[in-house]
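Q: Give me coordinates for this.
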Amino acid sequence: MAEITEKKEEQLPLREMPGITKISYFGALIDRLHYFWFDGPDKYFADRARKYNSTVFRTNMPPTPPGFPGDPRVVILLDSKSFRTLFDNSLVDTSNVLGGHYMVSTDFTGGFRVLSYLDTAEDQHTRLKSYVQHLFMLNARRWLPEIRRAVEETWDKLQGQLPEAKANDAFGSCVFNFLSRTLLGRDPLEPGPASVGEEGASLCLKWLAPQLAPGVNLGLPHPLEELVFHTFPWPYWTVKKNHQKLYDFFKTYGGKALDIAEDEYGVPKEEAIHNLIFMFGLNAVAGFSLYLPTMLRYVANQGSKLHYRLAEEARNAIKEKGDLNFEALNAMPLIKSVAYEALRIQPPVPRQYARARKDLIVESHEARFLVKKGELMCGYQPFAMRDPKLFDRPTEFVPDRFVGEEGEKLLERVWWSNGPETEAATPHNKQCPGKDIVVLTGRMVLAVLFSKFDTLTVRSPTESKVVITSLTPKM
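A: As a prediction, the model looks like this:
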């Protein structure tokens, strides 16, 4: 009995969930304007955390009624301890909540609920994720050479576009190209009856735009964006032509990748096509178009001292190993650390949603809170991974944060991939199956950059857009 009493005394206090309690369409609209227009997400969450004196609270999240159906009230998780609740699939259900309480029409995905919208308890989730992981492993030997080829092409292209080299567009195309060459064995630039040429990435983004627009800031003039994109959902027919081009490309050149889905995993080819389109579009083109330019912006802003260290490391490793191969990349610990630090400080997918499978207790660092079955929770990764309980100087970009034995241990606290970086993606969790490819690509982008150039400078017209203004060639 003594032991039981002692454990109870150690428990954090159970506190009533602070924040809004009733649905108000007017209140939801005002909150939406603050989220997108007056404040931006960081200030929106920080102001409410101060107001409620808590990193766990309930507030409205976009998209909002009446244009978008559903309850906009969401339980927000801002600290690292409460955020980890979202990784426990015995506690949370992730079906149909990729973008929050509102799910876009399956017209955009051929009538199928694609992998990102499925919960781990669904058999189709297991089949589809197993298929994707098998496809990745089957082409393991092709990843590095194809990534390197595409990255080198991209840096050559960007150099030719100075002083107005648009990094987001260039790296979106880079990723579409190497994914297609690796997984489909098809170069999208080759001519053919269903070739997409240079349009692959832009087709993906045009098709994605109306799906993502209700919950993100597109960088357009605020009044236009609020009226056109945040008030009502855009219908599928507005992007049907772009979607059809992508569909024709994957159907025509999917070949073995589609046969594997049907023959080995029981996934119909039609369903596999739409899952590949979604994976290429959202997980790859959209994600990389944010991650890689953001990483370059942080590196550029660190100045020439860091550039010198990165260049020295890349060139010495390539010289020692004889080529830019896996051995050389593994001899670049600072470059690897920078790739991870960019993912930590500004993850490409900042919000993670899940519903409570049952009544459950969420713990912050200061208190416990009851979350009722069916309530929607949203973890905001930029705050969770800048938690001072996890990292020293959490709001600073520290290039060598993950260097050395102690630095490597910190990777367990990096969750950009929907789970700790030290854990593996499996068919039974929601961790990104391509997480290792993402980090590998970030490392390759830096290795190629600093094998060719001494320094770079950039400007950011908006927080998410990066323009490379100069590259100093290797002396």
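
Q: which residues of this structure score low on pLDDT?
A: Low-confidence regions of the chain, defined here as pLDDT under 70, cover residues 1-9.

Q: all strands of the stretch 301-450 of the chain, in order?
A: In the stretch 301-450 of the chain, the segments counted as strands under DSSP state E, counting those that start in this stretch are 351-356, 360-363, 368-371, 376-380.

Q: Same list (the ones you listed) but as a markdown table, adding mean neighbour count.
A: Placement of C-beta: from N, CA and C, glycine included. As requested, these are exported to a markdown table (neighbours: other Cβ atoms under 10 Å):
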| stretch | mean neighbour count |
| --- | --- |
| strand 351-356 | 22 |
| strand 360-363 | 18 |
| strand 368-371 | 19 |
| strand 376-380 | 24 |
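
Q: need those strands in JSON lines with distance to Tyr102, can you?
A: JSON lines is the format used below for the strands of the stretch 301-450 of the chain (distance: least, Cβ to Cβ, whole Å):
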{"stretch": "strand 351-356", "distance to Tyr102": "11"}
{"stretch": "strand 360-363", "distance to Tyr102": "23"}
{"stretch": "strand 368-371", "distance to Tyr102": "20"}
{"stretch": "strand 376-380", "distance to Tyr102": "10"}
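
Q: Nearest approach to Cys204 belongs to which of these?
A: strand 351-356 (20.4 Å; Cβ to Cβ).

Q: how long is stretch 216-236 end to end?
A: Its first and final residues considered, stretch 216-236 spans 18 Å by Cα to Cα, to the nearest Å.

Q: just to revisit the earlier point, who wins for proximity to Leu329 among the strands of the stretch 301-450 of the chain?
A: Using Cβ to Cβ as the criterion, the shortest distance between Leu329 and those is 28.8 Å, found for strand 351-356.

Q: Now that Pro420 has come up, it's in contact with Glu412, right?
A: Yes. The pair Pro420 / Glu412 is scored as a contact, 4.9 Å apart, by Cβ atoms under 8 Å.

Q: higher neighbour count, the two?
A: Pro420 (15 against 12; other Cβ atoms under 10 Å).

Q: Trp155 versus that one, what's the distance?
A: In this structure, Pro420 lies at 32 Å from Trp155, with Cβ to Cβ, to the nearest Å as the measure.

Q: all helices for the stretch 151-300 of the chain, in order.
A: Taking DSSP state H, counting those that start in this stretch, the helices of the stretch 151-300 of the chain run over residues 167-179, 200-212, 222-228, 240-253, 255-265, 269-278, 287-302.

Q: and among those, the most buried is which?
A: Mean neighbour count, computed with mean count of other Cβ atoms under 10 Å, is highest for helix 167-179 among these, reaching a mean of 25.

Q: Run the chain-centre distance for it.
A: 15 Å (Cα atoms, centre = their mean, to the nearest Å).

Q: what do you get for stretch 412-430?
A: On the basis of Cα atoms, centre = their mean, stretch 412-430 is displaced by 12 Å from the centre of the chain it belongs to.

Q: Kindly report the same for stretch 122-129.
A: Its chain's C-alpha centre lies 21 Å from the corresponding centre of stretch 122-129 when counted by Cα atoms, centre = their mean.

Q: now do stretch 374-384
A: Going by Cα atoms, centre = their mean, the spacing between the C-alpha centre of stretch 374-384 and its chain's C-alpha centre is 14 Å.

Q: Can you show me the CA trace of that stretch as PDB?
A: What follows is stretch 374-384, C-alpha atoms only, in PDB (Å, rounded to 0.1, in the frame of the first residue of the first chain):
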ATOM      1  CA  GLY A 374     -13.500  10.900 -30.400                       C
ATOM      2  CA  GLU A 375     -11.900  14.300 -29.600                       C
ATOM      3  CA  LEU A 376      -9.400  15.500 -32.200                       C
ATOM      4  CA  MET A 377      -5.900  16.300 -31.100                       C
ATOM      5  CA  CYS A 378      -3.300  18.400 -32.900                       C
ATOM      6  CA  GLY A 379       0.400  18.300 -32.100                       C
ATOM      7  CA  TYR A 380       2.400  21.300 -33.400                       C
ATOM      8  CA  GLN A 381       5.800  19.900 -34.100                       C
ATOM      9  CA  PRO A 382       7.800  23.100 -34.300                       C
ATOM     10  CA  PHE A 383       7.000  23.800 -30.700                       C
ATOM     11  CA  ALA A 384       7.300  20.200 -29.500                       C
END
